[in-house]
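A.B. asks: A structural model of the following input is requested.
(one chain, ligands or ions: 2)
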Amino acid sequence: MKVLETIDLTVSYKKVPAVWGVDFHVPQGSFVGIIGPNGSGKSTLLKACVGLLPLSSGSLNYFEGKTLKESRKRIAYLPQRESIDWDFPINVLDVVLMGCYPKLGLFRSPGRAETRLADLCLDKVGMLDFRSRQISELSGGQQQRVFLARALAQQAELYMLDEPFSAVDAKTEATILEVIADLKKQGKSIVVVHHDLFSVAKNTDLALLLNTRRVNFGPTSEMMTKENLEETYGGQLESFAHVLFESAKQ
Ligand code: ADP
Ligand code: MG
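C.D. replies: Numbering: from 1, shown residues only. Ligands and ions are numbered 1, 2, ... in the order given. Okay, here's the model as predicted:
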């Protein structure tokens, strides 16, 4: 089953396309990596998929024919770090409880069951000891883990994570990868925007190479070619990418 499919998707800001005619899909139980240089439309694509931006043209298909409205509760979204106000006065537990709201409905406030779920999710990302802390008082990696816990508390089927590995330490990266592996075991699907080509090559099942347009999409092992990466990154192709496809040849 495809939990998400984009068909000829175009998303524009003031009539200038940031994502242009993109087709890709997320099979159930898969881990999909999205890579591309800065400004290539990765965040725009994710936002459009979760309904935060209108489509200019094309369409989105959720869970084999469901609309976004019917699917909203089944999709969790982790925004890019930069778009979150980390000075906002809110503590860790309340951030995670926000993940429970889609299921709670409008007029119910979180009770004991939700708090238990929130604590479980905090424990999963190793942040239970910090549940009463203000989010402004955490390190970048800790903040990222709290927001991952919020996404987990949503108990979704599709997780859309925008650069969850940015500004995190090695321990946090390992924790996030463990959480993703665990989600996959439960048959859930994960889409991650990621800068580290090595990590994408090593961990994901499918890769979407994006540069406003889709450069290529398919099994990750087939995507990491010199041609694909050069077309994706153009002159910006970092030297580590060269190392990557040189080592892949051996
Ligand atoms: P990425 O996540 O790959 O770095 P983005 O999706 O954030 O790229 O941005 C894609 C393009 O859209 C960039 O050229 C960026 O400047 C532009 N863009 C992003 N957000 C806005 C916005 N709110 N208004 C106008 N242009 C935007
Ligand atoms: Mg981005």
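
A.B. asks: list the buried residues in the helix or strand containing residue 222.
C.D. replies: For residue 222, the host element (DSSP states H and E) is helix 220-223. Using 16 or more other CB atoms under 10 Å as the test for burial, helix 220-223 gives 220, 223. For glycine as for every other residue, the C-beta is placed from the backbone atoms N, C-alpha and C.

A.B. asks: and that helix, average pLDDT?
C.D. replies: Helix 220-223 shows a mean pLDDT of 96.

A.B. asks: report all helices and strands that it contacts.
C.D. replies: With contacts defined as 3 or more CB pairs under 8 Å, 6 or more residues apart in numbering; DSSP states H and E, the packing partners of helix 220-223 are helix 197-203, strand 206-211.

A.B. asks: which element follows that helix toward the C-terminus?
C.D. replies: That would be, after helix 220-223 and using DSSP H and E, helix 226-233.

A.B. asks: quick one, that next one and strand 206-211 angle?
C.D. replies: Interaxial angle, helix 226-233 versus strand 206-211 (axes from the mean of the first three to the mean of the last three CA atoms, to 10 degrees): 50 degrees.

A.B. asks: who touches the spatially closest residue to residue 28 that is not a sequence neighbour in this structure?
C.D. replies: Residue nearest to residue 28 in three dimensions, not counting chain neighbours: residue 1, with 4.5 Å by CB to CB, 6 or more residues apart in numbering. Residues counted as contacts of residue 1 (CB atoms under 8 Å, 6 or more residues apart in numbering) are 27, 28, 63, 64.

A.B. asks: which of these fall within strands?
C.D. replies: residue 27 (DSSP state E).

A.B. asks: which residues in this structure form helices?
C.D. replies: Ranges of helices in the chain, per DSSP state H, are 42-49, 68-71, 92-98, 101-104, 112-124, 140-153, 170-185, 197-203, 220-223, 226-233, 239-249.

A.B. asks: any chance of those helices in a markdown table, plus distance to residue 162?
C.D. replies: As requested, the helices of the chain are exported to a markdown table (distance: least, CB to CB, whole Å):
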| stretch | distance to residue 162 |
| --- | --- |
| helix 42-49 | 5 |
| helix 68-71 | 18 |
| helix 92-98 | 17 |
| helix 101-104 | 18 |
| helix 112-124 | 19 |
| helix 140-153 | 10 |
| helix 170-185 | 13 |
| helix 197-203 | 14 |
| helix 220-223 | 19 |
| helix 226-233 | 18 |
| helix 239-249 | 21 |
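
A.B. asks: which one of those lies nearest to ligand 1?
C.D. replies: helix 42-49 (3.3 Å; CB to the nearest ligand atom).

A.B. asks: only alpha carbons, please: show that closest one as PDB.
C.D. replies: Below are the C-alpha coordinates for helix 42-49, written out as PDB (Å, rounded to 0.1, in the frame of the first residue of the first chain):
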ATOM      1  CA  LYS A  42      12.600  19.800   0.400                       C
ATOM      2  CA  SER A  43      10.700  21.700   3.200                       C
ATOM      3  CA  THR A  44       8.200  23.000   0.800                       C
ATOM      4  CA  LEU A  45       7.400  19.500  -0.400                       C
ATOM      5  CA  LEU A  46       6.900  18.300   3.200                       C
ATOM      6  CA  LYS A  47       4.700  21.200   4.100                       C
ATOM      7  CA  ALA A  48       2.500  20.700   1.100                       C
ATOM      8  CA  CYS A  49       2.200  17.000   1.900                       C
END
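
A.B. asks: ok so, going back, nearest to ligand 2, out of the helices of the chain?
C.D. replies: Closest to ligand 2 of the helices of the chain is helix 42-49 (CB to the ion; 3.2 Å).
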